[in-house]
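Participant: Need a 3D model of the sequence below.
(2 chains)
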Amino acid sequence: MEPVKEISGRAYPFGQKNVDTDVIIPSHWLKTITREGLGKGAFETLRQNPDNLFDSDEFKGSPILVAGDNFGCGSSREHAAWALLDMGIHAVIAPSFSDIFSGNAFKNGILTVVLPQEAIDRLVEVAKTDPIDIDLEAQTVTTPFQDRFTFEIDPFRKHCLMHGLDEVGLTLERGDAISGFEAEVRADRPFLAHGVDLAASA
Amino acid sequence: MANTAPRTLYQKIWDAHVVERRDDGTCLIYIDRHLVHEVTSPQAFEALRLAGRKVRRPDLTLAVPDHNLPTTARRDGEGHRIPIKDAQSAQQLAALERNAPEFGIRYIGDADREQGIVHVVGPEQGFSLPGATIVCGDSHTACHGGLGALAFGIGTSEVEHVLATQTLLLKQSKTMEVRVEGELAPGVSAKDVVLHITGVLGAAGGTGYVIEYTGSAIRSLSIEGRLTVSNMAIEHGARAGLIAPDEKTFAYVKGRPYAPKGEEWDKAVAWWASLATDPGATYDKVVVIDAAAIAPSVTWGTSPEDVVAITGVVPSPDSFADASKRDAAQKSLDYMGLVPGQRLDSVEVQNVFIGSCTNSRIEDLRAAAAVLKGRKKADTVKWAIVVPGSGLVKAQAEAEGLDRIFIEAGLEWREPGCSACLGMNPDKVPAGERCASTSNRNFVGRQGPGARTHLVSPAMAAAAAVTGHLTDVRELV
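Facilitator: Here you go, the predicted structure:
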């Protein structure tokens, strides 16, 4: 994964609340077996309006999206994150995110920035005309007008994002600890230790 | 670990699954059961293949196709597979059929009796167990929390992580108790309870929390009713829902194909019985709901939080204090073609869908059949389908004669799958038309582009089929 340090540029002044994953990528786009090419389907319903934000000359290709509360609610589809990435979005700023979406975003190197509604209102205003800068190292969002908002981020996520680390690879290094845990389960809760006996069910 | 302080059900399950704890509080959590379906897994298997990685515990993994399968016949008279017209659906289904054996995972095939919606199959097979950690690349995985399992939806990267390591890196959630006290009125089902809860909490009310549903009304529900409630935890933002396992739970699990047996069963029951929240344990938030205040419920808008009693009217956007909610409500009404003040029971529907991981179990079908028995669907209802949650549910319903009741009432009796809940298969609601649906989401375009969804219980969906409009089922019983 590409390391993420700073994301700057124009931002979609979207601002909508409860943007669900069916809005981000409708279900008929979920039939892919690869991760690429989903940008075409991103916000498809909204983009049927010829005056939509996402296809406007001014905003098309912006790396940042500013949205309202509960962004990414709904399904667990990681396609939502892949679609945003494929349309060039590398950061989403909102007052809150659905838990599953923020996990999916993180695992694909998309930065989710949580800021209070007042900050979002201000950033939506600024984004209409000017760029925004997100500095992950400093944990700040700034504008050309001296606005400076600081945000919180989980230190582990920050570390992984800044170094482009692969989480599966990191966990595989903990194989011995996992094996140790499995031995404990076999002893203490044997009924959880085995699930499907493939030979028996074949 | 000192476990003397009173703990919640969530805390106990969490503590029993910590492989490692980091300084920042992140834990490596062991996953006991992993359900896999065709939509969110192809990219995970592909990533394993590219990295030369194996599935750590194929025996704790179960694969079953559900989202893309047509609900019409899957085999012709000679037992040959009927080709799936949508090439992309066919490709996705083929990928799972190929990936499961390649990685040594038990695969339930499209025409097997056990095939069904992953959240119906897990509990039905005894694969999902109380006290277990259960994941699936599907947000309605919270469903299994109805058994007292810590179950939640994950994205494809996490599917890959679980396949490779049988663990997830997680931070503990906050806890919320949603206590529903009192007796449910006649005609009020588990679906009405969870719709009502979603209306009270809002679509984001549970974000960051794991919710434990408690109280006499929850305890009074059957296991299938509890699965319905926990299924929709995500619709009020909670990643997982939990209901303490009790005697009803043990009776439900006992004897199922993958359930513990013999000595292990006794050990299991002893442990499950110890999981209930201790007296004196505290939650980060408590919401108390009066069961008597819950009516048969219906959604009017395009968020599951847009809930009113069937006796109510479409609200005015001006009635919301929050400006962005006012704006959202107006957009919803425009999309839904409704006006403020309109009575919900006057809203005509052209389609009825009885099915989905929320409401496709045998009790759901019995509730719908009880309303439809000896009645016919209204002529104005053009499309009405009943999609059982699994092949075993289908067989049970047929043994009870429920299929005859549906067919004689003019409804279609289909093969199991996710179907019109999200229309990834051919079952879609036409643009501009309404559907009384027992599914879990009324999002814009969810049941097909331009489709208008009203979420209801199985009995309410059946009532709408009979009258041709949203109807208070209590008028028909």
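Participant: what does the stretch 101-250 of chain B have sitting close to chain A?
Facilitator: B:104, B:106, B:127, B:129, B:131-132, B:137-139, B:141, B:153-158, B:160-161, B:164-167, B:169, B:171, B:173, B:203-204, B:207-208, B:234, B:237, B:239 (CB under 8 Å from any CB of the partner chain). Backbone N, C-alpha and C define where each C-beta goes, glycine included.
Participant: Buried ones among those?
Facilitator: B:106, B:127, B:129, B:131-132, B:137-139, B:141, B:153-158, B:160-161, B:164-167, B:169, B:173, B:203-204, B:207-208, B:234, B:237, B:239 (16 or more other CB atoms under 10 Å in any protein chain shown).
Participant: How is chain B divided into domains?
Facilitator: B:9-170, B:174-245+B:271-293, B:299-475 (automatic domain parsing).
Participant: Name the nearest residue to the residue in the stretch 351-477 of chain B that chain A sits nearest to, sequence neighbours excluded.
Facilitator: Of all residues in the stretch 351-477 of chain B, the one sitting closest to chain A is residue B:443 (4.2 Å; CB to the nearest CB). Nearest residue to residue B:443, sequence neighbours excluded (CB to CB, 6 or more residues apart in numbering or on different chains): residue A:22, at 4.2 Å.
Participant: The one you found is in what secondary structure piece?
Facilitator: For residue A:22, the enclosing helix or strand under DSSP states H and E is helix A:21-24.
Participant: Pull the distance from that helix to the chain's centre.
Facilitator: Distance, stretch centre to chain centre, for helix A:21-24: 13 Å (CA atoms, centre = their mean, to the nearest Å).
Participant: Could you list the residues in contact with the helix or strand following it?
Facilitator: Next helix or strand after helix A:21-24 toward the C-terminus (DSSP H and E): strand A:64-66. The contact list for strand A:64-66, computed with CB atoms under 8 Å, 6 or more residues apart in numbering or on different chains, reads A:7, A:9-15, A:84, A:89-94, A:120, A:123-124, A:127, A:132, A:134.
Participant: Please point out which parts of strand A:64-66 sit buried.
Facilitator: The neighbour-count check on strand A:64-66 (16+ other CB under 10 Å) flags A:64-66 as buried.
Participant: May I see these arranged in CSV, with distance to residue B:43 and pLDDT as well?
Facilitator: Converted to CSV, those look like this (distance: CB to CB, whole Å; pLDDT from 0 to 100):
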residue, distance to residue B:43, pLDDT
A:64, 25, 98
A:65, 23, 98
A:66, 28, 98
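Participant: ok, residue A:82 touching residue A:108?
Facilitator: Yes: look at residue A:82 against residue A:108 with CB atoms under 8 Å: they come within range, at 6.6 Å.
Participant: who has more neighbours, these two?
Facilitator: More crowded of residue A:82 and residue A:108, by other CB atoms under 10 Å in any protein chain shown: residue A:82, with 26 against 19.
Participant: The more buried one: which element?
Facilitator: helix A:79-86.
Participant: Specify the next element, helix or strand, located C-terminal of the longest helix along chain B.
Facilitator: For chain B, the helix with the greatest residue count under DSSP state H is helix B:87-102. Next in sequence after helix B:87-102, counting helices and strands by DSSP H and E, comes strand B:106-107.
Participant: Check which helices and strands that following strand is in contact with.
Facilitator: strand B:61-63, helix B:87-102 (3 or more CB pairs under 8 Å, 6 or more residues apart in numbering or on different chains; DSSP states H and E).
Participant: For the longest one, give me every contacting residue.
Facilitator: Just to be clear, that refers to helix B:87-102. A:31-33, B:36-39, B:41-42, B:45, B:63, B:65, B:68-69, B:83-84, B:105-107, B:109-110, B:424-425.
Participant: filter those to the buried ones?
Facilitator: Of these, these count as buried by 16+ other CB under 10 Å: A:31-33, B:36-39, B:41-42, B:45, B:63, B:65, B:68-69, B:84, B:105-107, B:109-110, B:424-425.
Participant: Could you pull up the residues touching the residue nearest to residue B:312 when sequence neighbours are not counted?
Facilitator: Counting by CB to CB, 6+ apart, residue B:344 is the residue found nearest to residue B:312 once chain neighbours are left out, at 5.9 Å. When contacts are counted by CB under 8 Å, 6+ apart, residue B:344 touches B:298, B:300, B:308-314, B:470.
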